[in-house]
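K.L.:
build the 3D model from these lines:
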Amino acid sequence: MAVARRPVTRLPRAQRVSDILAAARAVFSERDYEESSISEIAARAGVVEGTIYKFFAGKRDLLHKVIDDWYAGMLADYQVRLAGIEGTRNRLRFVIWSHLKSIEESPGLCRQVFNEVRGQRDYFTSSVHDHHRHYTHFALDVLREGIVAGEVRSDVSITLVRDMIYGAVEHHSLAYICGQGSLDVETAADQITDVVLAGVLVTEAESSDQRLDRIEAKLDRALAAGS
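P.N.:
Below you'll find the model as predicted:
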């Protein structure tokens, strides 16, 4: 008498992909790229290796999807949280603090981005680069708003200031990312904010000159209109 086979319960596609991404994130967070294996990711996700290749082209594609999801999570409520903060200093500090916090919480993924993603030839055409541009664009928005408010000098290159901000954060955090030492997020956020603003804020003398320039421009327009 033949033994009836029990039906195999297959998880929905979305659930299997989610489980694979969660397992891959854990592995990539713990190990360098070369030490991370599809077999370990499959074992942690509770699937066979072949299942992973049904959804992802390979290990590097899987890493990119993990990084994409990581950025998406950080960006989910970023704009809403930033909108609730007033003042150029406070808003810029939030941008700097957020980047430091993301590094503190996910040093392994940061290491993968620095070592394995940014150095690839296709990085600048990748979805990861698109996410990174969106992520760093908030610093540009804060600086532009500071210029409009008369708090930030209009003669500074805001893209250069943005590069200085993220460069400072990542260089300061490098030892921590590599597994050495700790990262004091609050102190670093305060100090980097102070250093950046010391170079870009409008001084009282400059502010007075700008007001005089505006008054002079208004008078010139009034005289021109009356002539």
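K.L.:
host element of the most centrally placed residue in the chain?
P.N.:
Nearest to the mean C-alpha position of the chain, by CA atoms, centre = their mean, lies Tyr135 at 4.4 Å. Using DSSP states H and E, Tyr135 falls within helix 127-148.
K.L.:
who touches that helix?
P.N.:
With CB atoms under 8 Å, 6 or more residues apart in numbering as the test, helix 127-148 has contacts from 64, 67-68, 71-72, 74-75, 78-79, 82, 88, 91-92, 95, 113, 117, 123, 152-154, 156, 158-159, 161-162, 165-166, 200. Where C-beta positions appear, they are placed from N, C-alpha and C, glycine not excepted.
K.L.:
just the buried ones from these?
P.N.:
Among those, those classed as buried by 16 or more other CB atoms under 10 Å are 64, 67-68, 71, 74, 78, 82, 88, 91-92, 95, 113, 117, 152-153, 158, 161-162, 165-166, 200.
K.L.:
show me how the protein divides into domains.
P.N.:
As given by automatic domain parsing, the domain ranges for the chain are 11-56, 65-210.
K.L.:
low-confidence stretches in this structure?
P.N.:
1-10, 205-218, 220, 222, 226-227 (pLDDT under 70).
K.L.:
let's see that with 50 instead.
P.N.:
Along the chain, segments meeting pLDDT under 50 span 1-8.
K.L.:
which residue ranges of this protein form helices?
P.N.:
Taking DSSP state H to define them, one finds helices in the chain at 13-30, 38-45, 49-55, 59-75, 78-83, 88-105, 107-112, 127-148, 158-172, 174-177, 185-200, 204-226.
K.L.:
now find how far off-centre the third one is within its chain.
P.N.:
When distances are taken as CA atoms, centre = their mean, to the nearest Å, helix 49-55 is centred 29 Å away from the chain's centroid.
K.L.:
same thing with the first one?
P.N.:
Taking the mean of its C-alpha atoms, helix 13-30 sits 20 Å from the chain's own mean (CA atoms, centre = their mean).
K.L.:
returning to that earlier point: now the domains of the chain in TSV, with distance to Leu219?
P.N.:
Formatted as TSV, the domains of the chain follow (distance: least, CB to CB, whole Å):
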stretch	distance to Leu219
domain 11-56	62
domain 65-210	15
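K.L.:
nearest to Ala224, of those domains?
P.N.:
domain 65-210 (21.1 Å; CB to CB).
K.L.:
if anything else comes up later, I'll come back, but that's it for now.
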